[in-house]
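1. Give the three-dimensional model of this entry:
(chains A and B)
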Amino acid sequence: MEKLNNQQIIEALQKTFGEDAVYGIGESHGILQLTTHADNIVPMMHFLYADPVLKFQFLTDLAGIHFPEAKGQELGVVYHLHSLENNVRLWIKAYAPVEAPNFPTLTGLYAAANWMEREAFDFYGIIFEGHPNLIRILNVDDMDYHPMRKEYPLEDATRNDKIDEMFGR
Amino acid sequence: MSEIALVNSPNVGLDKTQKGGPYVNDLSTLNLGPTHPATHGIFQNILTMDGETIVDAEQTVGYIHRAFEKIAERRPFYQITTLTDRMNYCSSPINNMGWHLTVEKLLGIEVPKRAQYIRVIMMELARLADHIVCNSILAVDTGALTGFLYVYQWREHIYEIYEELCGARLTTNMGRFGGMERDLSKVAIEKIHVLLAGLPKGLKEFEGLVMRNRIFMDRTQNVGAISAERALNYGFTGPNLRAAGVDYDVRSLNPYSSYEDFEFDVPVGTKGDTYDRFLVREEEMWQSLRIIQQAMDNLPEGPYHADAPHYYLPPKEEVYKNMEALIYHFKIVMGEIDAPVGEVYQSVEGGNGELGFYLVSDGGRTPYRLKFRRPGFIYYQAFPEMVKGSSLSDAIVTMSSMNVIAGELDT
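-> Numbering: from 1, shown residues only, chains lettered A, B, ... in the order given. So this is what the prediction gives:
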């Protein structure tokens, strides 16, 4: 069987979801990455799962990410998919504004998404709509912020014995 | 019956007209953990029991969460290696190498063959140590303490080999970007040969005691089984997935660090039960020994690290004599080297599954975002589904065979 190439994936997605459904197409060390609108996530995942050629049926990981400078798309989710039969990986990214960080849940398709989404909620405050049990997972329940967001510095901001420009951090 | 007695009765609120009498729904809650000796780590399970049968389980994790992903955003790359040690602490060298491979991918460093082979040897030793722990403790959990003693001394021996290479035993911080910090010493090579000659004997003894043991088989067969389809849906990887019959092994599907040079089999099970997980790990130990033997036989000559002065610390003597070496030493130690902009994902076959590193670099001196794909965190979700309907003692054995490591679970 000929190896599935990244162009085929893009074409298949554009054919099904329209030309402008996927954008921000790039490649990093052979892994295709593309961005889509949060509303497209669930149908796109179902399509990638069910397609007889693509067969992206393994959710490797789901990572939240925060870009405070990108206005209107501060919070993102990176879905790491793996087509085990073709041995092709794919990253699908989606962004939402920090005021309304709503994403659809993937728990209907992947049981693995349950804790991954809880982790992203815990650390970034991303709301996965329809998730059966969206509560904190690693942090304490009564924590009132989402610690991986960039506005929470790791070290105490009032310290002045460590100067960033000197120590380069 | 008085009012007080009614309140204390477990049957309050139940529909007593239901067929089968009032005691059918007599459920109790059992708190297993967070510090229960049989869970081998700090995590809690709240089990809903109907007599001896588990009706539902709910896990609480996060007891030893140390915010590694957040800390990593403030640390130079080389200081993150010590964080990776503390994830799956039963096989730290695999975590270290996985992290080094990730950063090398980002920086574009080519690692010499000898260093790659040494890494393979260390990773396979780590896998041996990991599986020795998991399988022998599984035997202990079923009541067979003796077998554990035959193999545990070899885990100690493996730790001595680590010590020879990096000076540490448990949290190894082994290797550097570009290769290893030192070559295999004479003592290390000797110790590896002792292991290759001696471990098969210990392993055979262990297998002779446990593998076809009637009690062990009764305790593990058809216990905590999961189908291949469910396992994939739950994101299983590693021995747990292979026990269910899926031959996904990162080492053979996406070889890294010269794994393509070695001949080894990927054992798979059929039922995905505790016994299959045990057998897959046993066979993987034999395969690891095979890989180490091949790597030792064909160990290439040459340097044990890449020529990458920006990232690889110069020898200490040079630092005192040579200006460039001093500058590089200072810059590396102070973390003053900017990494290129980019996004990489690198995965390695960890002791219990696909250990992945998703690294986003914005061109700074620290990662912008680092996500660890911890296999244990992902597959531990399936635990309630795997133990529902089984007895409490089966749940203990199932958890033991899943090889959930608290450090990895909680980062």
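2. Contact residues of chain A facing chain B?
-> Contact residues (C-beta under 8 Å from any C-beta of the partner chain) of chain A with chain B: A:28-29, A:31, A:33, A:57-61, A:63, A:65-66, A:78, A:80, A:84, A:87, A:89, A:91, A:110-112, A:114-116, A:119, A:123, A:136-140, A:147-148, A:154-155, A:167-169. C-beta: built from backbone N, CA, C; applies to glycine.
3. if you look at the residues you listed, which of them are in helices?
-> Among the residues of chain A next to chain B, the members falling in helices (DSSP state H) are A:114-116, A:119, A:123, A:167.
4. Which of these ranks first by neighbour count?
-> A:M116 (28 neighbours; other C-beta atoms under 10 Å in any protein chain shown).
5. A:T60 is in contact with that one, correct?
-> No: the criterion here is C-beta atoms under 8 Å, and A:M116 misses it with A:T60 at 9.7 Å.
6. okay, and the common contacts of those two?
-> Residues within reach of A:M116 and of A:T60 at once, by C-beta atoms under 8 Å, 6 or more residues apart in numbering or on different chains, are B:G235.
7. if I look at the spatially closest residue to B:D307 that is not a sequence neighbour, how far off is A:S28?
-> Nearest residue to B:D307 in three dimensions, chain neighbours excluded: B:G178, at 8.0 Å (C-beta to C-beta, 6 or more residues apart in numbering or on different chains). With the distance defined as C-beta to C-beta, to the nearest Å, B:G178 ends up 21 Å from A:S28.
8. So the two - more neighbours on which side?
-> Ranked by neighbour count (other C-beta under 10 Å), B:G178 and A:S28 place B:G178 first, with 26 against 16.
9. Report the mean confidence score over stretch A:33-46.
-> Mean pLDDT, computed over stretch A:33-46, is 90.
10. ok, residues contacting that stretch?
-> Contacts to stretch A:33-46, defined as C-beta under 8 Å, 6+ apart, come from residues A:10, A:13, A:17, A:21-27, A:56, A:79, A:81, A:90-96, A:102-104, A:106, A:108-110, B:343.
11. Which secondary structure state does the residue of chain B found nearest chain A sit in?
-> Chain A sits closest to B:G235 of chain B, with a gap of 3.1 Å, by C-beta to the nearest C-beta. When classified by DSSP: H, G, I helix; E, B strand; the rest coil, B:G235 comes out as coil.
12. Would you agree it is in contact with A:T60?
-> Yes: contact criterion C-beta under 8 Å: B:G235 and A:T60 qualify, at 7.3 Å.
13. dump the residue contacts of the residue in chain A that chain B sits nearest to.
-> When scored by C-beta to the nearest C-beta, chain A has A:A112 as its residue closest to chain B, at 3.1 Å. For A:A112, the contacting residues are A:59, B:233-235, B:378, B:381, by C-beta under 8 Å, 6+ apart.
14. Apply 6 Å and report the result again.
-> The contact partners of A:A112, by C-beta atoms under 6 Å, 6 or more residues apart in numbering or on different chains, come to A:59, B:234-235, B:378.
15. So in terms of bridging, what pairs with the residue lying closest to B:G363 once chain neighbours are set aside?
-> In this structure, B:G363 finds its nearest non-sequential neighbour in B:V341, 4.3 Å apart by C-beta to C-beta, 6+ apart. With DSSP bridges as the criterion, B:V341 is bridged to B:D362.
16. what's the burial count for B:V341?
-> Count around B:V341 with other C-beta under 10 Å applied: 12.
17. Same question for the one 4 residues further on.
-> Neighbourhood size, B:Y345 [other C-beta under 10 Å]: 25.
18. just checking, it touches B:Y358?
-> Yes: assessed by C-beta atoms under 6 Å, B:Y345 is found in contact with B:Y358 at 5.0 Å.
19. So between B:G235 and A:T60, which is more surrounded?
-> Between B:G235 and A:T60, counting by other C-beta under 10 Å, B:G235 is the more crowded of the two (29 against 23).
20. The stretch 1-150 of chain B: helices as residue ranges?
-> Applying DSSP state H, counting those that start in this stretch to the stretch 1-150 of chain B gives helices spanning B:3-8, B:68-72, B:77-85, B:92-107, B:113-141, B:145-166.
21. Would you mind saying which of those lies nearest A:K71?
-> Nearest to A:K71, of all the helices of the stretch 1-150 of chain B, is helix B:68-72, at 23.7 Å by C-beta to C-beta.
22. So, low pLDDT: which residues of chain A?
-> Flagging of chain A using pLDDT under 70 yields the residue ranges A:1-2, A:155-169.
23. quick one, strands of it?
-> A:22-28, A:31-36, A:58-66, A:75-83, A:88-96, A:102-104, A:127-129 (DSSP state E).
24. Using a markdown table, lay out the ones you listed together with distance to B:D362.
-> Formatted as a markdown table, the strands of chain A follow (distance: least, C-beta to C-beta, whole Å):
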| stretch | distance to B:D362 |
| --- | --- |
| strand A:22-28 | 14 |
| strand A:31-36 | 16 |
| strand A:58-66 | 11 |
| strand A:75-83 | 14 |
| strand A:88-96 | 15 |
| strand A:102-104 | 23 |
| strand A:127-129 | 26 |
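25. Of these, which is nearest B:V210?
-> Within those, the stretch nearest B:V210 is strand A:58-66; the backing value is 32.5 Å (C-beta to C-beta).
26. Parallel or antiparallel, list what pairs with that closest one.
-> Strand A:58-66 has the following strand partners under DSSP bridges: strand A:75-83 (antiparallel).
27. and the angle from the partner strand to strand A:88-96?
-> 160 degrees (axes from the mean of the first three to the mean of the last three C-alpha atoms, to 10 degrees).
28. CA-only coordinates of strand A:75-83 in CSV, if you can.
-> C-alpha atoms of strand A:75-83 as CSV (Å, rounded to 0.1, in the frame of the first residue of the first chain):
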residue,chain,number,x,y,z
LEU,A,75,-6.8,29.7,24.0
GLY,A,76,-6.1,26.8,21.7
VAL,A,77,-6.4,23.1,21.7
VAL,A,78,-4.0,20.9,19.7
TYR,A,79,-5.4,17.5,18.9
HIS,A,80,-2.7,14.9,18.2
LEU,A,81,-4.2,12.2,15.9
HIS,A,82,-2.5,9.1,14.7
SER,A,83,-3.5,6.9,11.9
